[in-house]
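A.B. asks: Fold the following, please.
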Amino acid sequence: MQGALSSGATYSFNFNDIDAKKLSTAEGHVTLLVVAGTADGEKARAVGDRVPDRCLGNPDYKMITIIRFARSHTVIGRRIATAFIRHRIKTAAKRLQARYEAQKIARDARDDIFVVPDFDGTASSQLVEQGKGAEFQVLVFARDGKLLAQWTDVPSPKQLADVLK
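C.D. replies: Reported below is the predicted structural model:
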C-alpha cells in the first residue's frame, strides 16, 4: 500500500456523481473508492466484482468510481464522454442486477452505482496532488472517513473482504 493519504487518518472528501448526487467519504457508509483513468475500466470492474456478496445492496456500504480524464474536453467532448459513461453504467447495472437476483436482493442495482467523471481533475485532486500518485487507486474509508486501506492495483478478494468486514 502506498499513496499520498495516510492510513488511519480521517478524511471527508466530497464529490458529485454523474447523476448530480452528492457523495462523501464521511457520510456514515463504509466507502470503497476507486480512482481510475479512462484506460482502467477493466481494473475498476474487477474491484466491483470482488465486493463481497454481504455488501451488495447493503446501505452501510457504497462504492464510488472516479474516472480521471487525462486531458481537458470541450463541451461536446464532455457530452460524448458522459454518454459513453452512462452506457458503461447501464452495462454494469445489468451485471450487478444479476448478482442481486442471485442473492435475492430486491432493489434496482443502478441505484447503487456511483460514478464521478473527473474532466478537470477537481475530484481526484482531493485525493492526490495533480500529476502525482498512481493512476489507479483503491481506497476504503470507514463510516467516519477514516482511511482503512489503499492499493495502487486491484486488491485480492480476500484483501477486500477483510477490510470491508
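A.B. asks: which SSE is Ala39 in?
C.D. replies: Here Ala39, judged by DSSP states H and E, is contained in no helix and no strand.
A.B. asks: Quick check: it vs Leu32, distance?
C.D. replies: Distance of Ala39 to Leu32, given as C-beta to C-beta, to the nearest Å: 21 Å. C-beta here means a position set from N, CA and C on the backbone, and glycine is covered the same way.
A.B. asks: now swap in Gly77 and tell me
C.D. replies: From Gly77 across to Leu32, the span is 29 Å (C-beta to C-beta).
A.B. asks: Of those two, which one has the most company?
C.D. replies: Leu32 (25 against 13; other C-beta atoms under 10 Å).
A.B. asks: That one falls within a helix, correct?
C.D. replies: No. Using DSSP: H, G, I helix; E, B strand; the rest coil, the secondary structure at Leu32 is strand, not a helix.
A.B. asks: That one bridge partners, please.
C.D. replies: For Leu32, the beta-bridge partners under DSSP bridges are Met63, Val140.
A.B. asks: Which secondary structure state does Ala161 sit in?
C.D. replies: helix.
A.B. asks: If I look at it, what pLDDT would I see?
C.D. replies: For Ala161, the model assigns a pLDDT of 95.
A.B. asks: which residues touch it?
C.D. replies: Pro52 (C-beta atoms under 8 Å, 6 or more residues apart in numbering).
A.B. asks: what's the spacing between it and Asp53?
C.D. replies: With C-beta to C-beta as the criterion, Ala161 and Asp53 are 10 Å apart.
A.B. asks: Check Ile89 too.
C.D. replies: The gap separating Ile89 from Asp53 is 21 Å, by C-beta to C-beta.
A.B. asks: So which of those two has more stuff around it?
C.D. replies: Under the criterion of other C-beta under 10 Å, the comparison of Ile89 against Asp53 puts Ile89 first, with 19 against 13.
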